[in-house]
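Novice: next one to model:
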Amino acid sequence: MSALTDAFQRTIDAIAHERASTGVEIVTHAARTRRGSTELTVTIDKDGGVDLATCERIAARINGALESLDQPYSLEVESAGLERPLMRPNDYERFAGKSVRIVTSLSIAGGKTHRGTLVGLRGETVILATANGELPLPIATIKSAHLEYDPRADLQRDKRERKAHGRTSS
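Specialist: Numbers count the residues shown, from 1 in each chain. Predicted coordinates for the structure are as follows:
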């Protein structure tokens, strides 16, 4: 590990425990060497979403920790977004009730891509509610998992709210 990637890792670990970063979750981070430079990426999340100011604050914290090193690097700090990846077992509990897309490394119930509503976690198994009932997916077989954003659901909710308040669009 280079001095830059080592300092980057220490800084990421520190951010996760700093009082100033309370509420900010480091979802993923990576350091890759390309063409003599190191690309650093950080994906963050927090309740209510991530704004530009939060990304800038985290980027400034990382740049401040790395500025004394004489190695070229680029840094990208981004929001986990509406289709946030599910990385840790507690994510499957935290986002229960949300629509998800899960890709498995093995074929389960006739496929590797599974969509449905996340029920939660039972032991080492993620439970997904699908049109065909509950589908158990062992964590060890999960290649990737993401929340699945459906803009139609937002539009339908807005329409119901307008109707409930006596406002309709013309």
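Novice: can you pull the alpha-carbon coordinates of the strand ranked longest in the chain into PDB?
Specialist: In the chain, with assignment by DSSP state E, the single longest strand is strand 111-122. Provided in PDB are the C-alpha atoms of strand 111-122 (Å, rounded to 0.1, in the frame of the first residue of the first chain):
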ATOM      1  CA  GLY A 111     -32.700 -16.600 -12.200                       C
ATOM      2  CA  LYS A 112     -29.800 -14.500 -11.100                       C
ATOM      3  CA  THR A 113     -31.600 -11.100 -11.100                       C
ATOM      4  CA  HIS A 114     -34.400 -10.700  -8.500                       C
ATOM      5  CA  ARG A 115     -36.700  -7.800  -7.900                       C
ATOM      6  CA  GLY A 116     -39.200  -7.200  -5.100                       C
ATOM      7  CA  THR A 117     -39.800  -5.600  -1.800                       C
ATOM      8  CA  LEU A 118     -37.100  -6.200   0.800                       C
ATOM      9  CA  VAL A 119     -38.600  -8.000   3.900                       C
ATOM     10  CA  GLY A 120     -35.300  -8.100   5.900                       C
ATOM     11  CA  LEU A 121     -32.700 -10.500   7.100                       C
ATOM     12  CA  ARG A 122     -33.200 -13.900   8.700                       C
END
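Novice: and after it, which helix or strand comes next?
Specialist: strand 125-130 (DSSP states H and E).
Novice: that next one to strand 111-122, inter-axis angle?
Specialist: 120 degrees (axes from the mean of the first three to the mean of the last three C-alpha atoms, to 10 degrees).
Novice: check which helices and strands strand 125-130 sits against.
Specialist: strand 99-108, strand 111-122, strand 133-138 (3 or more C-beta pairs under 8 Å, 6 or more residues apart in numbering; DSSP states H and E). For the C-beta atoms, the positions are set from N, CA and C on the backbone; glycine is no exception.
Novice: need those in JSON lines (columns: distance to Asp158 and mean pLDDT).
Specialist: Below are these laid out as JSON lines (distance: least, C-beta to C-beta, whole Å; pLDDT from 0 to 100):
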{"stretch": "strand 99-108", "distance to Asp158": "18", "mean pLDDT": "96"}
{"stretch": "strand 111-122", "distance to Asp158": "21", "mean pLDDT": "95"}
{"stretch": "strand 133-138", "distance to Asp158": "31", "mean pLDDT": "96"}
